[in-house]
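Engineer: Coordinates for the following, if possible.
(chains A and B)
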Amino acid sequence: MLKLLKSLGKKQLLYALICVIFVSVNVYLELKIPDYMSSITVLVQTEGSTMASILKEGGYMLLCAFGSLIASFIVGYFAANVAAYFGKITRQNIFEKVSSFGTQEMKEFQTSSLITRTTNDVTQVQMLIAMGLQAIIKAPIMATWAVLKIMNKNMIWSMATFVAVVILLITIITLMIRVFPKFKIVQKLTDNLNRITRENLIGIRVIRAFNAEDYQQKKFEKANEELKNLQLFNQKNMGLLNPVMSLVMSGLSLSIYFIGAILIDRANALEKIGIFSDMVVFSSYAMQVVMSFMMLIMIFMLYPRAAVSAKRILEVLECENAIKDGNVTKGKEVGTVEFKNVSFKYPDAEEYILENISFKANKGETIAFIGSTGSGKSTLINLVPRFYDVTEGEVLVDGVNVKDYKLESLNNILGYVPQKAIIFRGTIKDNVKYGHSQKKITEDNIKDAIKVAQAEDFVLKMSDGYNAETSQSGTNLSGGQKQRISIARAIARNPEIYIFDDSFSALDYRTDFLLRKELKKYTKDATSLIVAQRIGTIKNADKILVLDNGKLVGMGTHQELLKSCAVYKEIALSQLSSSELEKDLKGGM
Amino acid sequence: MHPGRRGMNNNEKAKDFKKSIKNLIIYCKPYFMPILFAIILAIISSILSIIGPDKLRDITNLISEGIFTKINLQEIKKISLILLLIYAISAIFGYIEQYIMAVVTNKFSKELRKEITEKINNMPLKYFDQNSYGDILSRVTNDVDTLSMTLNQSLGNLVSSVTLLIGSIIMMIVTNGLMALTAILSSLIGFAFMIIIISRSQKYFSRLQDEIGELNGHIEEMYAGHNVVKVYNGVDDANKKFKNINDRIFDNVRKGQFLSGLMHPFMGFIGNFGYVCVCIVGALLTMNNTIDFGVIVAFMLYVRLFTNPLSQIAQASSSLQSCAAASERVFEFLDEQEMVKEDNLTKVLKKEDVSGKVEFQHVKFGYNEDKLIIKDFNVSVNKGDKIAIVGETGAGKTTIVNLLMKFYDIKDGDILIDNISTKELTRKNIHDLFIMVLQDTWVFEGSIKENIRYNKPHVTDKQIEDVCKVVGLHHFIKTLPQGYNTILYDNDTLSQGQKQLLTIARGMIKDAPFLILDEATSSVDTRTEEVVQKAMDKLTEGRTSFIIAHRLSTIKNANLILMMEDGNIIETGTHEELLKLNGKYAKLYNSQFEKTE
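Structural biologist: A predicted model of the protein is given here:
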């Protein structure tokens, strides 16, 4: 928690200091008020006191009240500033840290968790700070100061106050022990309920097709009942707090008056008036003491939540990136990719996903990767943009080990198209020219890229053409449309090396075919690495690499592999009829 | 518990406040008695706490009367005891009230949640096509939560606040008119200021909500598209945009928090202000001997009693606003039109008796009233046929399947199963006749075994293993530490392709005369697909099956291929026949072999 606070600058620390000072002023003035109250009481009680003196005391009291109000304003202003600044800077730090993460870190934390860490967790800590600068500072000052004032008034009254505080403390602590652990479970049960409902909604067709409505309903009702019972337990317990509090408070003022009556009765004539005014003052001090203890407890209740949040934030901020940036900005060759004895396994995993892969792609060549689900083909090309680093061996781009590149420079060489198209909120144009290094892109570049990606037809049909809005994750586009925009994005960069990670599977055969044809024309000199499921997509590649369980089991052209590679032949057979294969074998390219 | 959320709800306003509150009240009917009881208790408890100061005044009076002579301790003791009793009763009643409300609201929200999920089951699929899951989800949880929280806290607060307010005004006026006027006026002046402050801070909070929404959107987008952001060197842009929104948030948090933080000290000041006013006027009056000192003491407490409920009423009324908005959303959903009831359908088609004939006769259908998707669909399918439906996206392939399953009601024409119109059969009955495997792999949190067995408790573990062997999952499952008892969570464990195999296994274990595969193998590689297909073929021997496939290679051996375009069948025949025809199908099929150069 303290570690996080280090991100605050000198200015904020100064602000915090100002808060402390003005909180003290505030407390001083607030505690001064009962003094004036007592004077007023005495004046009112005493025969012959003038109206002017009452007005004077009253005026002072109002002045104090007003002063304490102003002090609170100042504290509030600076506290809000510090808290808001903390929130801002922490959010920004997390966001920038996450931006620098590699794929591995993203996977470890998981996207949804990172989002809550950037938003909710920061808000939690920010709240504690905002409250803290006011309440945390105020409560102890108030409590001690008020206690000191009370102490020298009267022992018996002090005892009564002490008893009241103890009763309150015991009640609250008992409640905390009983209910607090349950709060966490409530969150879990709510998530549970949410999950089942989400399941119901997403799987609605399956559920209906299986006539499983009752099955789901039963599951839901179980979670519902659990949540209800727990909530009820919590609320029944927490419901005690208010009545006990008001009982203790009222009881306290009653006992102060009752004790006061006895004290006055016993005192000698001279002291009587003094004790009487003390009594009135004391009852309000006592309230202040009780209230400030209550405030302290509230903070203790807030703290654990904020502490958990702070821990989660620190986990992100202190996470070490596995991918380290290099410093090479230019390659030795142009448009080449080479794998030298590359093996890869995920950190902590036992089994290798890729074993001993070697190949080289030269400028202008198209290299395709095929293999069954889980054969490692996507993993293989993900090593090129350094989503992961190889476990053994090396990956060279333009003759330089990818680990040595400055990431930005490496990225400028590559045009990567993922399996799942990513569309950002903005316009079609924004999406195509996405990325910092693309400032130099011209309108024509964008239009060409869209045309080559076979997206021109539907883009021009949209209401604003190239400037048509795209919603978050492109929900207003179909899967195939999204994929084409995502391909256009890569084309617009005019990269030396294209990486297509199964990017064509959302397209129908015709579009797939046309796109590849146009792309080939447009990018004669570019090197392409293509992962595909369809034989048709890769048939004409210069080199096809067949992967099976992470091992390279064949490499060559379509015809060569049909003859030599059993796995490839099997894949081909499952997609093409044997007569078509015959044709291919005879070399009828 | 949800401080962040409260600010948001404050800004939500119901379109029709009265109507949504009325709806809520009608819905609360079964709980009227306990709620009424709770309200009465709250009123009594509040009244008792108003009597308190009055009694305290008596004590002070007794003290000051006897201050120079002899204090009537006996009398004070008596009053103190009564007062203690009053406090105790007030506390007990207060607790009972909270207890009752806790029970009522939790029951209430449980029932409401249950009703919403039941409603989900009875809604036409069309509704879910048009509304986002997030929206429905937030009705089940957030809105119901808001409702129950307001009912639980605000209702009790409102009742006791209003009672306190009215009670303290009455007590003040009864005690002394002039002093009462002083106390009320001085508090109201302060209160007017407060309302101005609150409404200003609201402005910042509502802006803040918008910006936080924007920030969340940006974060989600960037985190989800992390790979692309990185490879395209978009990190700087992303950071810049983030900074921009973040700065605006900073500004609004600062101002909003500052203003809303003013409320509490302001309340304190109003209290003190009222106090001084009361004291001065009181002192004046005492000197004229119009009132005794005890009146001042009582008023000091009345001022507090009076100002507290004022601010509570302000808070309660704003939470009432959000309650109305929530209730509107919940009841809007509950009032949605349900699927046509089927109580009048008595015909039953038993699985065992089905021969396997399906006929579409002049079927017309559109998701919207004005736009027909299926224009005039005719086809007759015989027992044991394997029917493939192909065509481009939007041709209406899935729609045909949806109609067959009676997920939607057809507009015109008829669909017959074994010569019985599906209009005469219940949806449940029809669903029983079909095995259906969809493109989207639906896996729920639970063990692999549970996911496959699903709602068929009679299925044995052996059967599950057999099915998994057929689809080629068995070996993989065995390598998992917990085997078939491995719990599947949202993301990891299974790949997309494995999930698809799992849903196929789930389908295969159900015994039914018809089979529908709607792009069921699109994420599985072609080799695995072939294995599954073979198993499916074996499974559907003698059964009628409908297959929608993206990959034409998988449907080459179908008895009948229906090539669809714009909701009509434009070509029918076997693979060879259609190739010979050299029409659209041939074009689509051949496009996968065309050369790039």
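Engineer: Now A:N194: closest residue in space, sequence neighbours ignored.
Structural biologist: For A:N194, ignoring the flanking residues on the chain, the nearest one in space by C-beta to C-beta, 6 or more residues apart in numbering or on different chains is B:T141 at 5.6 Å. C-betas here are computed from N, CA, C, even on glycine.
Engineer: One more: A:Y257?
Structural biologist: That would be B:I59: by C-beta to C-beta, 6+ apart, it lies 5.2 Å from A:Y257.
Engineer: thinking again about what came up before, wait, the residue nearest to A:N194 touches A:L189, no?
Structural biologist: No - applying C-beta atoms under 8 Å, one finds B:T141 not in contact with A:L189, separated by 11.1 Å.
Engineer: mind listing what the closest residue to A:S503 other than its chain neighbours touches?
Structural biologist: Using C-beta to C-beta, 6+ apart and skipping the chain neighbours, the partner closest in space to A:S503 is A:V417 (4.1 Å). Listed by C-beta atoms under 8 Å, 6 or more residues apart in numbering or on different chains, the contact set of A:V417 reads A:Q483, A:S486, A:I487, A:R489, A:A490, A:Y498, A:I499, A:F500, A:D501, A:S503.
Engineer: ok, A:V417 to B:P309 distance?
Structural biologist: Distance, A:V417 to B:P309, by C-beta to C-beta, to the nearest Å: 64 Å.
Engineer: picking up where we left off before, overlap of the contact sets of B:T141 and A:L189?
Structural biologist: If you check B:T141 and A:L189 against C-beta under 8 Å, 6+ apart, no residue is contacted by both.
Engineer: List, one by one, the residues from the stretch 251-400 of chain A near chain B.
Structural biologist: By the rule C-beta under 8 Å from any C-beta of the partner chain, the part of the stretch 251-400 of chain A lying against chain B is A:251, A:253-254, A:257-258, A:260-262, A:264-265, A:269, A:272-273, A:276, A:280, A:371-374, A:385, A:387.
Engineer: List only buried entries from those.
Structural biologist: Buried members of those, scored by 16 or more other C-beta atoms under 10 Å in any protein chain shown, are A:251, A:253-254, A:257-258, A:260-261, A:264-265, A:272-273, A:276, A:280, A:371-374, A:385, A:387.
Engineer: Sort out for me which of those are in helices.
Structural biologist: A:251, A:253-254, A:257-258, A:260-261, A:264-265, A:272-273, A:276, A:280 (DSSP state H).
Engineer: Is it possible to get CSV of the residues you listed that adds pLDDT?
Structural biologist: Listed next are these as CSV, based on pLDDT from 0 to 100:
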residue, pLDDT
A:G251, 88
A:S253, 86
A:L254, 88
A:Y257, 86
A:F258, 88
A:G260, 86
A:A261, 85
A:I264, 82
A:D265, 82
A:K272, 78
A:I273, 76
A:F276, 78
A:V280, 75
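Engineer: farthest-separated two in those residues?
Structural biologist: The largest separation in these, counting by C-beta to C-beta, is between A:G251 and A:I273 at 26.2 Å.
Engineer: Strands of the stretch 251-400 of chain B, start to end?
Structural biologist: Using DSSP state E, counting those that start in this stretch, the strands of the stretch 251-400 of chain B run over residues B:358-365, B:374-381, B:386-391.
Engineer: For the last one, which outside residues touch it?
Structural biologist: Applying C-beta under 8 Å, 6+ apart, the contact partners of strand B:386-391 are B:379, B:381, B:397, B:400-401, B:537, B:540, B:544-549, B:552, B:555, B:557-565, B:585, B:588.
Engineer: Mind doing that once more with 6 Å?
Structural biologist: B:381, B:397, B:545-548, B:555, B:558-565 (C-beta atoms under 6 Å, 6 or more residues apart in numbering or on different chains).
Engineer: Work out the gap between that strand and the centre of the chain.
Structural biologist: 38 Å (C-alpha atoms, centre = their mean, to the nearest Å).
Engineer: what comes up buried for it?
Structural biologist: Going by neighbour count (16+ other C-beta under 10 Å), the buried part of strand B:386-391 is B:K386, B:I387, B:A388, B:I389, B:V390, B:G391.
Engineer: what's the answer for stretch A:476-494, then?
Structural biologist: Applying 16+ other C-beta under 10 Å to stretch A:476-494 flags A:477, A:480-493 as buried.
Engineer: export it as CSV, just CAs?
Structural biologist: These are the backbone C-alpha positions of stretch A:476-494, laid out as CSV (Å, rounded to 0.1, in the frame of the first residue of the first chain):
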residue,chain,number,x,y,z
ASN,A,476,-21.5,-3.7,-36.9
LEU,A,477,-19.5,-5.7,-39.4
SER,A,478,-19.7,-9.4,-40.3
GLY,A,479,-16.9,-11.8,-39.5
GLY,A,480,-15.7,-11.8,-43.1
GLN,A,481,-15.9,-8.0,-43.3
LYS,A,482,-13.9,-7.6,-40.2
GLN,A,483,-11.2,-10.0,-41.4
ARG,A,484,-10.9,-8.1,-44.7
ILE,A,485,-10.4,-4.7,-42.9
SER,A,486,-7.9,-6.4,-40.7
ILE,A,487,-6.0,-7.6,-43.8
ALA,A,488,-6.3,-4.1,-45.4
ARG,A,489,-4.6,-2.8,-42.3
ALA,A,490,-1.6,-5.0,-42.9
ILE,A,491,-1.5,-4.1,-46.6
ALA,A,492,-1.6,-0.4,-45.9
ARG,A,493,1.7,-0.7,-44.0
ASN,A,494,3.4,-2.0,-47.0
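Engineer: which residues touch it?
Structural biologist: Contacts for stretch A:476-494 (C-beta under 6 Å, 6+ apart): A:415, A:417, A:421, A:423, A:431-434, A:441, A:445-446, A:449-450, A:452-455, A:458, A:474, A:506-507.
Engineer: Please flag which of these sit within strands.
Structural biologist: Counting by DSSP state E, the contacts of stretch A:476-494 place A:G415, A:V417 in strands.
Engineer: And the contacts of stretch A:476-494, which of them are buried?
Structural biologist: A:415, A:417, A:421, A:423, A:431-434, A:441, A:445-446, A:449-450, A:452-455, A:458, A:474, A:506-507.
Engineer: I'd assumed A:L254 was in contact with A:A160.
Structural biologist: No - using C-beta atoms under 6 Å, A:A160 is not in contact with A:L254; the gap is 9.7 Å.
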